[in-house]
Structure formats: structure tokens, C-alpha cells
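**Q** I need the structure of the sequence given here:
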Amino acid sequence: MCDSLRQEEMGRAYGWLESQSPRQSDEEIAEETREAWREERQRLEDEHYASFGEDQDPSEGD
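**A** Just a heads-up that it's a prediction; the model follows:
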């Protein structure tokens with residue numbers, strides 16, 4: 001009983017959120033996803049290289 005009410009409320013909330021945001025094409029969503037992955041990858045690489053104490057690629061060593 002309680003679960004079905006919660007699901008119904010969540011469905012209404014999701015529908016409201018969906019109606020508030022403009023529709024995007026699949027290509028726009030795909031581009032945003034690719035951009036987010038690029039940013040995350042760059043952040044992780046920066047953190048990784050920073051852990052070596054210097055901001056350089058460790059594979060460039062002697």
C-alpha cells in the first residue's frame with residue numbers, strides 16, 4: 001500500500017520535472033554525455049598526475 005503510493009508520487013514528480021525541462025534531441029544528449037565524460041576523464045588524469053608530486057606525465061621519464 002505504502003509502496004504504491006510512493007511510486008505514484010515519484011511518477012508525478014518525474015512527470016513534473018520532465019515537463020519543466022525542454023526536450024532535447026538524442027544527439028544533444030549524446031554530446032552532453034560525451035562532454036561530461038571528457039571532463040571527468042581530464043579531472044581523473046589531473047588527480048593521477050598530481051599524485052606524483054609534479055604536474056607531468058610519468059611515462060615521459062628517462
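
**Q** Count the residues that sit near Tyr49.
**A** 14 (other Cβ atoms under 10 Å). No exception for glycine: its C-beta is placed from N, CA and C like everyone else's.

**Q** actually Ser25, sorry about that
**A** By the measure other Cβ under 10 Å, the count of residues near Ser25 is 8.

**Q** now do the one 10 residues further on
**A** Each residue near Glu35 was counted by other Cβ under 10 Å, and the total is 10.

**Q** again with Arg43
**A** The criterion is other Cβ under 10 Å. On that basis, Arg43 has 10 neighbouring residues.

**Q** Could you measure from it over to Ile29?
**A** 21 Å (Cβ to Cβ, to the nearest Å).

**Q** Kindly report the same for Gly15.
**A** Using Cβ to Cβ, we find Gly15 at a distance of 19 Å from Ile29.

**Q** Where is the longest helix in this structure?
**A** Counting residues, the longest helix in the chain under DSSP state H turns out to be helix 26-50.

**Q** Sort out which residues of it are buried, please.
**A** Within helix 26-50, no residue counts as buried by 16 or more other Cβ atoms under 10 Å.

**Q** mean confidence score for it?
**A** Per-residue pLDDT over helix 26-50 has a mean of 92.

**Q** helices or strands next to it in the packing?
**A** Counting contacts by 3 or more Cβ pairs under 8 Å, 6 or more residues apart in numbering; DSSP states H and E, helix 26-50 is packed against no other helix or strand.
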